[in-house]
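A.B. asks: Pasted the sequence and its predicted model underneath.
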Amino acid sequence: TALTDECFIPFRDLARTTDDLVFPDYRRSTADGGWRWLRAVGKVIARDAAGNPLRVLGVAVDVTDRRRDEATIRESEQRYRTIANSGPALIWTTDREGRNDFCNEAALAFAGQSLEQVTGAGWFRLVHPDDVAQFTNLATGEVASQTRTSIEFRARRADGEYRWLRSDAAPRYDSNGSYL
């Protein structure tokens, strides 16, 4: 197919400036009237004396299923955030080292802090000094043992007052059963 065909015009234009071609995902109609997403990559393998591309070796890969899967994941994540932020419960998650990696809006409002401030070990700064050791031991023990745990501790609210909280934690696993 010649680089003058309408579908190759963007490649032709890009091939004038570089040998390595990566084209953003694009949609093409199919013979049955449907649509597929494609990702095309190529390499200029011959140029004329003026530097214009003569030959391009390339491939277009159907990425329709991958794009659909990515959209499903985005929708699932948005659904989770909507649910997590719809009630007054303080919800947070931690990574496999026990560092905070998510807080819902209620938890951030309670703390009067941003997600950046409570990410990692930032949440520990809100725990009452008398409860830090117990809280830390339980948090690191839950991570090590990968078991459900529960603890009552005092945490500093946005107005500086300490309030008793009960935290119930459960381990999370990925689709392969690996601990998150």
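C.D. replies: Looks like it came in fine.
A.B. asks: Enumerate every residue touching residue 107.
C.D. replies: Listed by C-beta atoms under 8 Å, 6 or more residues apart in numbering, the contact partners of residue 107 are 90-92, 118. Where you see a C-beta, it was placed from the backbone N, CA and C, and this is true even at glycine.
A.B. asks: Just the element for it, please.
C.D. replies: Using DSSP states H and E, residue 107 sits within helix 105-111.
A.B. asks: What residues sit buried inside the biggest strand by length in the chain?
C.D. replies: For the chain, the strand with the greatest residue count under DSSP state E is strand 35-47. Within strand 35-47, the residues scored as buried using 16 or more other C-beta atoms under 10 Å are 37-40, 42, 44.
A.B. asks: hmm, who's touching that strand?
C.D. replies: Taking C-beta under 8 Å, 6+ apart as the rule, strand 35-47 contacts 11, 15, 18-30, 53-64, 67.
A.B. asks: and residue 168, what does it touch?
C.D. replies: 148-150.
A.B. asks: ranges for the strands of the chain?
C.D. replies: Going by DSSP E, the chain shows strands at 20-29, 35-47, 53-62, 92-94, 100-103, 149-156, 162-169.
A.B. asks: Dump those strands to TSV, plus mean pLDDT and distance to residue 180.
C.D. replies: As requested, the strands of the chain are exported to TSV (pLDDT from 0 to 100; distance: least, C-beta to C-beta, whole Å):
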stretch	mean pLDDT	distance to residue 180
strand 20-29	84	29
strand 35-47	90	30
strand 53-62	87	30
strand 92-94	86	8
strand 100-103	88	9
strand 149-156	91	16
strand 162-169	92	12
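A.B. asks: so which of those comes closest to residue 123?
C.D. replies: strand 100-103 (4.7 Å; C-beta to C-beta).
A.B. asks: For residue 127, the count of nearby residues, please.
C.D. replies: 20 (other C-beta atoms under 10 Å).
A.B. asks: Kindly state the pLDDT recorded for it?
C.D. replies: Among the per-residue scores, residue 127 shows a pLDDT of 92.
A.B. asks: if you skip the residues just before and after it, what's nearest to it?
C.D. replies: Closest residue in space to residue 127, ignoring its immediate chain neighbours: residue 135 at 4.9 Å, by C-beta to C-beta, 6 or more residues apart in numbering.
A.B. asks: Return the distance of the one you found relative to residue 114.
C.D. replies: According to C-beta to C-beta, to the nearest Å, residue 135 stands 21 Å off from residue 114.
A.B. asks: next one: residue 134
C.D. replies: Taken as C-beta to C-beta, the span from residue 134 to residue 114 is 26 Å.
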